[in-house]
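> Model the structure of this input:
(4 chains)
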Protein chains: 2
Amino acid sequence: MSFSTKGEYGVRLMVQLARHYGTGPASLAGIAAEEDLPRAYLEQLVVNLREAGLVVSTRGAHGGYELTRAPGLIPMSEVLRALEGPIAPMFCASDDPEHATTCDRSSRCTVNVLWVRVRDAITSTLESMTLADLTPPPVGALDDPQGALISQ
Amino acid sequence: MSFSTKGEYGVRLMVQLARHYGTGPASLAGIAAEEDLPRAYLEQLVVNLREAGLVVSTRGAHGGYELTRAPGLIPMSEVLRALEGPIAPMFCASDDPEHATTCDRSSRCTVNVLWVRVRDAITSTLESMTLADLTPPPVGALDDPQGALISQ
DNA sequence: CGATATCCGACGAAATCACTCGGATATCGA
DNA sequence: TCGATATCCGAGTGATTTCGTCGGATATCG
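Below you'll find the model as predicted:
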């Protein structure tokens, strides 16, 4: 019962992009260095983020990736769905109707409600948080009272 | 992001034990047949349930397993912790303090709060449901709308 | 005694995870 | 135009986890 490193690294990648938001594209090499993550692996993850429309890329020198929206407008549910696929604690309780394989026990299954409730708890939590909630304030904002609240 | 078959099969096993609650031990062979699950595999899972104090076993002929408590007194959080280990969507957000490996990023990590909230959403959902909520009422219980026969 | 169970450890195939590698393509500054 | 810098893309790989199976020891009941 845990997210993989795709979710972990991908979220950290997105936080870095949020910190650079508005200052042009940031390269994977730079982010990999800042977060101490394998660059070639991030390359794989960012494909999913791009296909989900969360980031856009600029090729060539001084290229890189940037968010397509302000961090406050990007719910974490969208980020994790892009990285890890549909949120489904069990195959019979996916939030993607396409991947919800109807199990042959459905008629007499009394357990499904458990997985559905767990799924809804996860998705509503992820929907209630945005990238901005995970992004530390810029370096100069030492007297920001909410900054201390986030970093606790 | 999903529970394994340990969680799935184990919960279904527990539901069967709940249905048999109060009528003496139920054998794994019988439950495996009822749920169409591999008996030898259930044998492995039930070890964890026994060690967690959720079931007791009776050896020998006419032996089997039975719940140690009424289904209504068994929260699903306890069942899934026994089957899947500590609930932790990320290694740095385990509900078992012993397994909560302090990550070296903890001082500057802004992402941890996300995993903690997801974890709390899962655990509180699992704590709010008991085995009785997943156990269909017995066939002859038409005059027991509250399911009191199983839940207490 | 023999049928029925739990108990216990070991083994193994298959899938998934967490990457790495090599090269093709695009863009910029000099 | 050249070369440095990046993204893009598919393939491959070793380690780990998952999902079981198997064989046998032990306990209990009739």
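> show me where pLDDT drops low in chain A?
A:98-102, A:106-107, A:138-152 (pLDDT under 70).
> Within range of DNA strand D, give me the residues from it.
Neighbours of DNA strand D within chain A, by C-beta under 7 Å from any atom of the strand: A:27-30, A:40, A:43-44, A:46-47, A:50, A:57-65. In short, each C-beta sits where N, CA and C put it, glycine included.
> From those residues, list the buried ones, please.
Taking 16 or more other C-beta atoms under 10 Å in any protein chain shown as the criterion, what is buried in these is A:27, A:28, A:46, A:64, A:65.
> now the last one, nearest residue through space, not along the chain?
Of all residues not flanking residue A:65 in the chain, residue A:55 sits nearest, at 4.7 Å (C-beta to C-beta, 6 or more residues apart in numbering or on different chains).
> Next up, the contacts around that neighbour.
Residue A:55 sits next to A:14, A:17, A:46, A:49, A:65, A:66, A:67, A:68 when contact means C-beta atoms under 8 Å, 6 or more residues apart in numbering or on different chains.
> which SSE is the most centrally placed residue in chain A in?
By C-alpha atoms, centre = their mean, chain A has its centre lying nearest to residue A:79, at 2.8 Å. Per DSSP states H and E: residue A:79 is located in helix A:76-84.
> That helix and DNA strand C in contact?
No - using C-beta under 7 Å from any atom of the strand, helix A:76-84 never reaches DNA strand C; the gap is at least 8.2 Å.
> Now the element after that helix, going C-ward?
helix A:112-127.
> still on that earlier bit, which of the contacts of residue A:55 fall within strands?
Of the contacts of residue A:55, the ones assigned to strands by DSSP state E are A:65, A:66, A:67.
> residue contacts, the residue lying closest to the second one once chain neighbours are set aside?
Spelled out, that is residue A:66. Nearest residue to residue A:66, sequence neighbours excluded (C-beta to C-beta, 6+ apart): residue A:25, at 5.1 Å. Counting by C-beta under 8 Å, 6+ apart, residue A:25 makes contact with A:57, A:58, A:62, A:63, A:64, A:65, A:66.
> Stretch A:76-87 and chain B, are they touching?
Yes - with C-beta under 8 Å from any C-beta of the partner chain as the criterion, chain B is reached by stretch A:76-87 at A:76, A:80, A:84, A:85, A:87.
> Just say helix, strand or coil for whichever residue of chain A sits closest to DNA strand D.
Using C-beta to the nearest atom of the strand, the single residue of chain A nearest to DNA strand D is residue A:57, 3.2 Å away. Reducing the assignment at residue A:57 to three states with DSSP: H, G, I helix; E, B strand; the rest coil gives strand.
> mind listing what the nearest residue to it once chain neighbours are set aside touches?
Take residue A:57 and drop its neighbours on the chain: the residue closest to it by C-beta to C-beta, 6+ apart is residue A:65, 5.3 Å away. When contacts are counted by C-beta under 8 Å, 6+ apart, residue A:65 touches A:17, A:25, A:26, A:27, A:28, A:46, A:49, A:50, A:55, A:56, A:57, A:58.
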